[in-house]
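Chemist: Next come a sequence and a model predicted from it.
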Amino acid sequence: MKPTPIGHRRWLFPVALSAIMAGSGLWYGASYAPLPPVEAPVSGAETSNPRPAPPKNPASPGTPAVVTESRSGSNTTPASLGPKPFAPSLAGTDIDGALKAGRDGQLVINLQVRDFFDYFLSAVGEVSPETAIRQIEQMARTHLPEPASGQALALLDQYLAYKQASLAVMQTSLDPARREDPAYQVAALGDALAQLKALRQSTFDTNVHRAFFGLEEAYSEYTLATLAIQQRNDLSEQGKQALVEWHRNQLPKALKTTEQRLHASTRQQQARIAAINSASSPDVAGQQLRELGLDSDGAESVVKYLKHRGQFDQRFETFQEALKQDGPSGLAAQDLATQREELLQQYFPDEQDRTWARLKMLDKT
């Protein structure tokens, strides 16, 4: 059956993550084959760092996509929109995710499908929702066979409907009388996450839900558990750390590896900061940093910086004394400002040092 013209479709405009997203209702007037099973359990291959949403520019008319680069293999959408993408902010970027058909012609369900949708929808606001969704439709119909192309468009319809419905959850207001209460904040966050998960379960097939949101929900639940543990008064710090570590180990493998790396990096940074704060001199700080794994060049740069700041602090004290001695009462405000600026130039010839001195003077007012 011939698709219904875009002008006859129903469009909504929810706001998500600072980007205006198009709402539900892609009525193609066709019956689509049911969605196939998910490609595979969500894995690290599907967790590449997402490209930040491009900045939104004033609306401009979209131009047809020009595809010049294809992915390896067949029955998959291209990797690039070419030199003249439909939204200027997408120029020079690779398309996040992909739509792909398996050997049986069915749509491959994985996180890349959601990334693909989000890549095009991120341009809404710079271009119209109709333009962005028309590009997705064109990609699916041009590069995928049936039934995969129809399955992709039906899934896009569900995804847009979910985006619209999720607004009600994201816009839930906190109780003004309790919004500063950490326990209430955690409870409210937990309620919102539960509502989003229930919405996803009611909107998507189980396999789609797991592929699209499995990693996101696992990390959200880990974060929620971590916040709740930190608020408990019946646990020692060691007990809290043990429980957080236990929850970290429950994460999917890809997330667990990344979170463990971040946690180790944070602990290392904390140890280095403590070493600098407790060192009796810049040279001692440098030695301790080397012992904590910082390379020689990095440690030396820290030592040089600390010595410079120490010298600055001494000059600042001398500058303040000079300011008191050379600042007789009775001068007009403008004359006092001129005198202070001359002393700043004298004691701090370096522009960065003068900036530090001005900031430090403000702290003492």
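Modeler: Looks like it came in fine.
Chemist: residues contacting Trp356?
Modeler: Neighbour list for Trp356: Phe312, Phe348 [criterion: Cβ atoms under 8 Å, 6 or more residues apart in numbering]. Every residue, glycine included, has its C-beta placed from N, CA and C.
Chemist: Please report phi then psi for it.
Modeler: phi -60, psi -40 (degrees, to the nearest 10).
Chemist: and the gap between it and Leu362?
Modeler: Remark: distance between Trp356 and Leu362 (Cβ to Cβ, to the nearest Å) = 11 Å.
Chemist: Now Leu99. Nearest residue, chain neighbours left out?
Modeler: Nearest non-adjacent residue to Leu99, counting by Cβ to Cβ, 6 or more residues apart in numbering: Thr77, 4.6 Å away.
Chemist: Thought Ser149 was touching the one you found, still the case?
Modeler: No. Assessed by Cβ atoms under 8 Å, Thr77 is found out of contact with Ser149, at 10.2 Å.
Chemist: what's the overlap in contacts for these two?
Modeler: With Cβ under 8 Å, 6+ apart, Thr77 and Ser149 have common neighbours Ala140.
Chemist: State the number of residues packed around the residue nearest to Leu99.
Modeler: 22 (other Cβ atoms under 10 Å).
Chemist: Equivalent analysis for Thr266, please.
Modeler: 10.
Chemist: so where's this protein shaky on pLDDT?
Modeler: Residues of the chain meeting the criterion pLDDT under 70: 1-74, 326-334, 364-365.
Chemist: Please repeat the previous calculation with a cut-off of 50.
Modeler: 1-33, 40-73 (pLDDT under 50).
Chemist: what are the ranges of the strands in it?
Modeler: 15-16, 19-20 (DSSP state E).
Chemist: how close does the closest residue to Ala228 other than its chain neighbours get to Ala225?
Modeler: Distance criterion Cβ to Cβ, 6+ apart; nearest residue to Ala228, sequence neighbours excluded, is Val186 at 5.4 Å. To Ala225, Val186 is 10 Å away according to Cβ to Cβ.
Chemist: Now the phi/psi pair for Arg179, please.
Modeler: phi -70, psi -20.
Chemist: From what I see, it and Gln185 are in contact.
Modeler: Yes. At 7.2 Å, Arg179 and Gln185 qualify as touching, with contact defined as Cβ under 8 Å.
Chemist: These two: who's more crowded?
Modeler: Using other Cβ under 10 Å, the more surrounded residue of Arg179 and Gln185 is Gln185, with 15 against 11.
Chemist: Look through this structure and tell me its longest helix.
Modeler: helix 296-325 (DSSP state H).
Chemist: so how far is that one off the chain centroid?
Modeler: From the chain centre to the centre of helix 296-325 is a distance of 37 Å (Cα atoms, centre = their mean, to the nearest Å).
Chemist: tell me which strands and helices it is in contact with?
Modeler: helix 282-291, helix 333-347, helix 351-363 (3 or more Cβ pairs under 8 Å, 6 or more residues apart in numbering; DSSP states H and E).
Chemist: What segments of the stretch 1-150 of the chain are helices?
Modeler: Using DSSP state H, counting those that start in this stretch, the helices of the stretch 1-150 of the chain run over 111-121, 129-143, 148-170.
Chemist: got TSV for those, with distance to Phe348 and mean neighbour count too?
Modeler: TSV is the format used below for those (distance: least, Cβ to Cβ, whole Å; neighbours: other Cβ atoms under 10 Å):
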stretch	distance to Phe348	mean neighbour count
helix 111-121	49	23
helix 129-143	53	19
helix 148-170	49	20
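Chemist: can you list these in TSV and add distance to Gly102?
Modeler: Listed next are the helices of the stretch 1-150 of the chain as TSV, based on distance: least, Cβ to Cβ, whole Å:
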stretch	distance to Gly102
helix 111-121	13
helix 129-143	14
helix 148-170	8
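Chemist: These: which one's closest to Arg261?
Modeler: helix 111-121 (20.5 Å; Cβ to Cβ).
Chemist: For the closest one, output the C-alpha coordinates as CSV.
Modeler: Coordinates of each C-alpha in helix 111-121 appear next as CSV, following Å, rounded to 0.1, in the frame of the first residue of the first chain:
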residue,chain,number,x,y,z
LEU,A,111,21.4,-0.8,20.3
GLN,A,112,22.7,0.6,17.0
VAL,A,113,19.1,1.0,15.8
ARG,A,114,18.3,3.4,18.7
ASP,A,115,21.6,5.2,18.1
PHE,A,116,20.6,5.6,14.4
PHE,A,117,17.3,7.1,15.3
ASP,A,118,18.8,9.5,17.8
TYR,A,119,21.4,10.7,15.4
PHE,A,120,18.8,11.9,13.0
LEU,A,121,16.4,13.2,15.6
